[in-house]
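>>> I would like to see how this sequence folds:
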Amino acid sequence: MPHPHPPAEGEPLIRPSSVDHPLYERVVEACRTVYDPEIPVNIYDLGLVYTIDISDDGAVHIDMSLTAPGCPVAGEMPGWVADAVEPLEGVRQVDVNLVWEPPWGMDRMSDEAKLELGFM
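Below is the predicted model:
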């Protein structure tokens, strides 16, 4: 299936999420329960969750980033996300991967997050 917006020259590709998977919305909701410790907005609305890839047998692979590579809880956040997603019915295993490409930027935030933080 071709991408509606091909990545610009040299821009790393964010893998597409399994949006059609029946578990997708529940995984998103679980991600919304995890907050960035430095910003009072959940990681999903911040745009830190890049990819939610769910296999047919319920293995969930999440690519996420952090607002800053030196974030003090960098090592813990993937675990928080895995803990939030793992209990969902139908999830067999969760694998959370930290990625730094493309770097996170404020343009990745949802309008709700921007409003919440006073950027709009």
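
>>> So what pairs up with the residue nearest the centre of the chain in the strands?
Closest residue to the average C-alpha location of the chain: residue 49 at 1.1 Å, with Cα atoms, centre = their mean. With DSSP bridges as the criterion, residue 49 is bridged to residue 64.

>>> For the protein, just list every one of the helices.
For the chain, the helices identified by DSSP state H occupy 24-31, 43-46, 77-85, 111-116, in order along the chain.

>>> could I have the shortest one exported to PDB, CA atoms only?
Written as PDB, here are the backbone C-alpha positions of helix 43-46 (Å, rounded to 0.1, in the frame of the first residue of the first chain):
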ATOM      1  CA  ILE A  43       3.100  10.600  25.700                       C
ATOM      2  CA  TYR A  44       0.600   9.800  23.000                       C
ATOM      3  CA  ASP A  45      -0.700  13.400  22.700                       C
ATOM      4  CA  LEU A  46       2.900  14.600  22.900                       C
END
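
>>> residue contacts, the residue nearest to the centre of the chain?
With contacts defined as Cβ atoms under 8 Å, 6 or more residues apart in numbering, residue 49 is in contact with 28, 31, 43, 62-64, 81. In this view, the C-beta of every residue, glycine as well, is placed from N, C-alpha and C.

>>> Show me which pair in those residues is furthest apart.
The widest separation within these, taken as Cβ to Cβ, falls between 28 and 63 and amounts to 13.9 Å.
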